[in-house]
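Engineer: what follows is a predicted protein model with its sequence.
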Amino acid sequence: MRSLLVLLLLVASAAAAWWLFEERIPRQWHPWQPLYVEDPLTPVTKWKLHRLADDREACLEALGTAPEGALRMVPLDDHEPAPGCPLENVVRVHRSEVEFNDSFVVRCPLALAWVMYERQRLQPAAEALFGMRVAHVEHYGSFACRNVYGREEGRLSEHATAEALDVAAFHLTDGRRITLLEHWGSEDARGAFLRAARDGACDLFGNVLGPEYNRAHADHFHFGMRGFRLCR
């Protein structure tokens, strides 16, 4: 009888502790609460983004929390644009609060990571260093049905599943163009901005590769969703 009472007390204590956890933990720290675009970034954010890879409905709901005008995109049906490279849970991004040189197709969590990155890391860095915002982003694309580095053999690239975006340049509202190829490593505000853009991306994307990674990335940032903390 005494053992049963002890067990009941333990169960009651655990239930009370869980209730306090559910009620008091902020949404951005709660692993099971929905993700909102304006949620402050925490170590849990990246895990939430990964969970949405297999939950189309929840991911689109998260994208729907973006403020008006923060993202213009169209959900796409699952399809196979090239043999051996089926695409699932993808959207076509036309623009965000920046213009792009072209629309691009990415998996939904990457679109969500981008808009959060833009609002919470990229634009604050531009405002801090230049007193103005980024108006236009140049990219090299997102989907390409190929292996890593285009090799004939080996594992598929993240681009083969539209889980990566290659960004080459940023245009400020005053027309200045900042490129990875020309300004990475420079000792002025342009170099500082690119370093801040790289470091801020690491808070959201699973892997961020740039000029410090290898020569293949000398002219662009590779923002990918696989992994949790490869940042070079």
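Structural biologist: Noted; the coordinates are in hand.

Engineer: the bottom helix or strand of this protein by mean pLDDT?
Structural biologist: Lowest by mean pLDDT, DSSP states H and E among the helices and strands of the chain is helix 2-24, with a mean of 54.

Engineer: how about Arg72: what's its closest non-neighbour residue?
Structural biologist: With C-beta to C-beta, 6 or more residues apart in numbering as the criterion, Arg72 has its nearest non-adjacent residue at 4.6 Å, and that residue is His94. Placement of C-beta: from N, CA and C, glycine included.

Engineer: from Ser96, how far out is the residue nearest the centre of the chain?
Structural biologist: The centre of the chain sits closest to Ala113, judged by C-alpha atoms, centre = their mean, with a distance of 2.5 Å. According to C-beta to C-beta, to the nearest Å, Ala113 stands 12 Å off from Ser96.

Engineer: any residues in contact with both of these two?
Structural biologist: Shared contacts of Ala113 and Ser96 (C-beta atoms under 8 Å, 6 or more residues apart in numbering): none.

Engineer: if we can go back for a sec, neighbours of the residue nearest to Arg72, how many?
Structural biologist: Applying other C-beta atoms under 10 Å, we find 14 residues neighbouring His94.

Engineer: cool, Asn207 as well?
Structural biologist: Counted by other C-beta under 10 Å, the residues lying close to Asn207 total 21.

Engineer: show me this structure divided up by domain.
Structural biologist: Domain assignment for the chain by automatic domain parsing gives 1-27, 31-231.

Engineer: from the ones you listed, which stretch is densest packed?
Structural biologist: Across these, averaging neighbours per residue (mean count of other C-beta atoms under 10 Å) puts domain 31-231 on top, at a mean of 17.

Engineer: start and end of that domain, how far apart?
Structural biologist: End-to-end span of domain 31-231 (C-alpha to C-alpha, to the nearest Å): 23 Å.

Engineer: that one: how far from the chain's middle?
Structural biologist: 5 Å (C-alpha atoms, centre = their mean, to the nearest Å).

Engineer: average pLDDT across it?
Structural biologist: The pLDDT scores in domain 31-231 average 95.

Engineer: the residue nearest to Arg72: what's it in contact with?
Structural biologist: With C-beta under 8 Å, 6+ apart, His94 has these contacts: Arg72, Met73, Val74, Phe100, Ser103.

Engineer: for Thr42, which residues are in contact?
Structural biologist: Thr42 sits next to Gln28, Trp29 when contact means C-beta under 8 Å, 6+ apart.

Engineer: quick one: it from Pro34, how far?
Structural biologist: In terms of C-beta to C-beta, Thr42 sits 14 Å off from Pro34.

Engineer: right, I'll call it a day here.
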